[in-house]
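A.B. asks: quick check, what structure comes out for this input:
(one chain, ligands or ions: 1)
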Amino acid sequence: MASMGSPATERSVLLYSRSHGPPRVPVFGHAKVVGGDFGLMRGCRVTRPQRIKILRATGKGSGEGEEDGEQPGEQPEDAFQATIEKSKKVLEMQRDLLQQIAERRKLVSSILSTNSDSEGDEVPYNEKDNSFPGVDPTPSGGKDTNEVFDRGFLSSKGAPLTVDNAKEAGKDLNRKTTFSKVDSHTQLKGVTSESVWSDELPSFLSSSSATSSLKEEKLGDLKESSLQEVNGEANVPKSEDVKPPPLAGANVMNVIVVSAECAPWSKTGGLGDVAGALPKALARRGHRVMVVAPRYGNYAEPQHTGVRKRYKVDGQDMEVVYFQAFIDGVDFVFIDSPMFRHIENRIYGGNRMDILKRMVLFCKAAVEINVDFQVPWYVPCGGVCYGDGNLVFIANDWHTALLPVYLKAYYRDHGLMQYTRSVLVIHNMAHQGRGPVDDFSYVDLPPHYLDLFKMYDPVGGDHFNIFAAGLKAADRVVTVSHGYARELKTIEGGWGLHGIINENNWKLKGIVNGIDTQEWNPQLDEHLKSDGYTNYSLDTLHTGKPQCKAALQKELGLPIRENVLLIGFIGRLDHQKGVDIIAEAVPWMMGQDVQLVMLGTGRHDLEQMLRRFEDQHRDKVRGWVGFSVNTAHRITAGADILLMPSRFEPCGLNQLYAMSYGTVPVVHAVGGLRDTVQPFDPFNESGLGWTFDGAETGKLIHALGNCLLTYREYKKSWEGIQRRGMMQDLSWDHAAQNYEEVLVAAKYQW
Ligand SMILES: Nc1ncnc2c1ncn2[C@@H]1O[C@H](COP(=O)(O)OP(=O)(O)O[C@H]2O[C@H](CO)[C@@H](O)[C@H](O)[C@H]2O)[C@@H](O)[C@H]1O
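C.D. replies: Reported below is the predicted structural model:
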């Protein structure tokens, strides 16, 4: 885009030009021919040439014709014959128009039936090539018609369905189409940053290109006039494609979430859960959302897009291939490379250099560094690339903290992708991508960028720090709870980066994670459908939860007893999660009538400790070393309480899952745990669990003691805690709305 003065001026110009859009033809409101006048079906729109023709035919040189620059027609004063002739012509025109209307109706019906066909499985969707059999996913194809309606953006090449290309669609039903690299470039040419700034269009139309907006308007006209304004004539079902505007309204954006892991395909912890769920919630709000993650294994759903690219990593050419699947409204794109293959069980494995190189490749492939094409994305998801305007990247943790830096260094410093923004989410500041200063040579950046990465701390001296650079380069920073946002600013909680956090406080926001209520829901949970487990809800808590508890005890070989307090722990076995604090409390616990089930993997010494506990207390303790999603769900359902003595916890998801399953959390009041677990107050019968204010064994025991007492002696209070936990709305919807605020703030920030 040619530069047009200051960014602010540029933007207002764009807003202006977009909101004033193409002129719309006014609606004529006459129902029938009266005298020499002409009439149209009520509300039916006619095109400008048609109107001119009509005006000429009737001899009415209306003001509008004059406005349009047309000369008024000559009207013979008293030639009766001429009037009759003209009336005939008018009638002819009317017939013409009615025929056109009928054609439009037919066309719309066929579009709708294509849609319903696809929904009704009569025309099965082919995920492999993103198409319906025999349906061309090009602008004129039926697939794109679906996408215009379903995904809130334009069909491929930015061209929505117009009368002409819709007719084409009929002809082209059997044309086979593939997406090629050339196609995607062509498509992207029309998608410029000036195209997307719109406050006035309905927002489900606003994530598209300017050139396309005119076509979209035609589509709107077509739909409106054909479906609604052909009064009483159309028997076409009206409600099928008339969707309410998206929740995000005019804030609809293109969002690319970039994460080193993404559940259910790859997950070592909470980051995977967030990358799998937040995007869907953003999509539900109407945003167009893509997730980009490495392809660590042969995942079933994502299909080869045919797009291949090469990137330099440590001087070597690395080829990457892009796979894609469209699931729950989100484009999941996986980057395949020999570097990522076959490490699904150790995605952060290898030495420091291996990990660094993987992340360099991943971030380069995600941001797309080929400046020649000036576009961020080659993968034509659903036929349309994401473009570089109205686009925000959401990077996550240090692994992808290079992305905001690349966006700046490779693009924005060169006047490219000026409207693209980046948000960096801190899930865990303890891991920062630190190394010796020499590591800078691997990230392929101009020398002056070293300053962004270079840090000094009393322990490590000068060092190279990827998280630090990402935090400085990102337009906005989010962390996963308010409590953690506060803690990050302190010496204890900032892990050496508190200075940078404080300097960038203006762009930091805490947003508490949500949970995927499809995946983590006792009513729907797939893992509770066998082996004696059962799904349950608030209504069936009384029976369902005890059944799950018994099933868990049976599965783990523990005595099956309803009244023993079953304590669960799920998490990485490391310093953060306070496993050693639990260990110190085990002797006390073993003196109580409790069972303890721990699931985790991580530090070797802590894994050994789990095994040892189980050996020493076979009737009371089970230590499951490994990563098992199935077991995590079952513990969450079957346990009475979930223990989280984390030393620090940016948000914590397990306590949220626990509460939604009626499992009572006992947590160290820190970070997100303090934000989400309101302590039980026996006087007011309020609260959601027990908290303790220091990561110390004594405090943990004290809280557990109170919890145990309530479990045994105050059944009603206990049930109240369970029910309050289950009744919370912990879904991602609220968090997604907060993220949206951040995205919009980033968008309008220079
Ligand atoms: N052995 C095992 N088997 C099966 N499943 C296991 C498992 N160990 C852990 N999990 C699962 O991994 C997830 C862990 O989520 P957390 O939020 O507790 O932790 P994590 O510290 O990884 O994430 C970081 O990012 C998240 C997301 O922002 C923050 O909530 C958190 O505070 C921060 O430390 C849960 O879904 C849990 O069930």
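A.B. asks: in stretch 632-651, what's buried?
C.D. replies: Neighbour-count burial for stretch 632-651 flags 632-651 (criterion: 16 or more other Cβ atoms under 10 Å). All C-beta atoms are positioned from the backbone trio N, CA, C, and that covers glycine.
A.B. asks: what parts of the stretch 351-500 of the chain come near the ligand?
C.D. replies: Applying Cβ under 6 Å from any ligand atom, one finds that the stretch 351-500 of the chain approaches the ligand through His427, Asn428, Val480.
A.B. asks: as JSON lines, those residues with neighbour count, secondary structure and pLDDT would be great.
C.D. replies: Output for these, formatted as JSON lines (neighbours: other Cβ atoms under 10 Å; DSSP: H, G, I helix; E, B strand; the rest coil; pLDDT from 0 to 100):
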{"residue": "His427", "neighbour count": "23", "secondary structure": "coil", "pLDDT": "98"}
{"residue": "Asn428", "neighbour count": "22", "secondary structure": "coil", "pLDDT": "97"}
{"residue": "Val480", "neighbour count": "28", "secondary structure": "coil", "pLDDT": "98"}
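A.B. asks: just confirm Lys569 contacts Ile582, I think it does.
C.D. replies: No, residue 569 isn't Lys; it's Phe. Yes. Phe569 is in contact with Ile582 according to Cβ atoms under 8 Å; the separation is 6.3 Å.
A.B. asks: what is in contact with the two at once?
C.D. replies: Common contacts of Phe569 and Ile582 (Cβ atoms under 8 Å, 6 or more residues apart in numbering): Met598, Leu643.
A.B. asks: quick one on the thing from earlier: of the buried residues of stretch 632-651, which belong to strands?
C.D. replies: Among the buried residues of stretch 632-651, the members found in strands (DSSP state E) are Ile641, Leu642, Leu643, Met644.
A.B. asks: closest one to Pro244 out of these, please.
C.D. replies: In terms of Cβ to Cβ, no member of those lies closer to Pro244 than Leu642, at 38.4 Å.
A.B. asks: can you tell me the closest non-neighbouring residue to the residue in the stretch 451-600 of the chain that the ligand sits nearest to?
C.D. replies: Relative to the ligand, the nearest point of the stretch 451-600 of the chain is Val480 (4.1 Å; Cβ to the nearest ligand atom). Once flanking residues are discounted, Val480 sits nearest to Cys651: 3.7 Å by Cβ to Cβ, 6 or more residues apart in numbering.
A.B. asks: now Gln303: how far from Gln324?
C.D. replies: Distance from Gln303 to Gln324, counting by Cβ to Cβ, to the nearest Å: 6 Å.
A.B. asks: ugh, typo on my part, it should be Pro679
C.D. replies: 46 Å.
A.B. asks: of those two, which one has the most company?
C.D. replies: Shown here are Pro679 and Gln324; by other Cβ atoms under 10 Å, Gln324 has more neighbours (24 against 17).
A.B. asks: looks like the more buried one contacts Phe332 (just checking).
C.D. replies: Yes. Gln324 is within contact range of Phe332, at 6.9 Å (criterion: Cβ under 8 Å).
A.B. asks: identify the contacts common to the two.
C.D. replies: By Cβ under 8 Å, 6+ apart, the residues touching both Gln324 and Phe332 are Pro302.
A.B. asks: rewinding a little: what about the buried residues of stretch 632-651, which are in helices?
C.D. replies: When DSSP state H is applied, the buried residues of stretch 632-651 are split such that Ala632, His633, Arg634, Ile635, Thr636, Ala637, Gly638 fall in helices.
A.B. asks: and which of those is nearest Gln655?
C.D. replies: Thr636 (10.2 Å).
A.B. asks: and the pLDDT for the closest one?
C.D. replies: For Thr636, the model assigns a pLDDT of 98.
A.B. asks: wait, it touches Met659, no?
C.D. replies: No. Counting by Cβ under 8 Å, Thr636 sits too far from Met659 to count as a contact (9.9 Å).
A.B. asks: re the thing from before, mind listing what the residue of the stretch 451-600 of the chain closest to the ligand touches?
C.D. replies: If you count contacts by Cβ under 8 Å, 6+ apart, Val480 has them with Val274, Val425, Ile426, His427, Gly510, Ile511, Val512, Asn513, Pro650, Cys651, Gly672.
A.B. asks: got the ones in helices among the buried residues of stretch 632-651 as JSON lines, with distance to the ligand columns?
C.D. replies: Putting those into JSON lines (distance: Cβ to the nearest ligand atom, whole Å) gives the following:
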{"residue": "Ala632", "distance to the ligand": "4"}
{"residue": "His633", "distance to the ligand": "8"}
{"residue": "Arg634", "distance to the ligand": "10"}
{"residue": "Ile635", "distance to the ligand": "9"}
{"residue": "Thr636", "distance to the ligand": "7"}
{"residue": "Ala637", "distance to the ligand": "12"}
{"residue": "Gly638", "distance to the ligand": "14"}
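A.B. asks: follow-up on the earlier one: filter the ones in strands among the buried residues of stretch 632-651 by proximity to the ligand?
C.D. replies: By Cβ under 6 Å from any ligand atom, no member of those lies near the ligand.
A.B. asks: dump those to CSV, plus pLDDT.
C.D. replies: Shown next, in CSV, are these (pLDDT from 0 to 100):
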residue, pLDDT
Ile641, 98
Leu642, 98
Leu643, 98
Met644, 98
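A.B. asks: CA atoms of stretch 706-713 as CSV?
C.D. replies: Extracted C-alpha coordinates of stretch 706-713, given in CSV (Å, rounded to 0.1, in the frame of the first residue of the first chain):
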residue,chain,number,x,y,z
ASN,A,706,-10.1,-28.3,58.1
CYS,A,707,-11.1,-29.8,54.8
LEU,A,708,-11.2,-33.3,56.2
LEU,A,709,-13.3,-32.1,59.2
THR,A,710,-15.8,-30.5,56.9
TYR,A,711,-16.0,-33.6,54.7
ARG,A,712,-16.7,-35.8,57.7
GLU,A,713,-18.8,-33.7,59.9
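A.B. asks: and which of the ones in helices among the buried residues of stretch 632-651 is nearest to Pro559?
C.D. replies: Of all those, Pro559 sits closest to Gly638, with 13.7 Å by Cβ to Cβ.
A.B. asks: just the element for the spatially closest residue to the closest one that is not a sequence neighbour, please.
C.D. replies: The shortest distance from Gly638 to any non-neighbouring residue, by Cβ to Cβ, 6+ apart, is to Leu552 (3.0 Å). Assigned by DSSP states H and E, Leu552 belongs to helix 541-556.
A.B. asks: and after that helix, which helix or strand comes next?
C.D. replies: Counting by DSSP H and E, the element after helix 541-556 in chain order, helix or strand, is strand 565-573.
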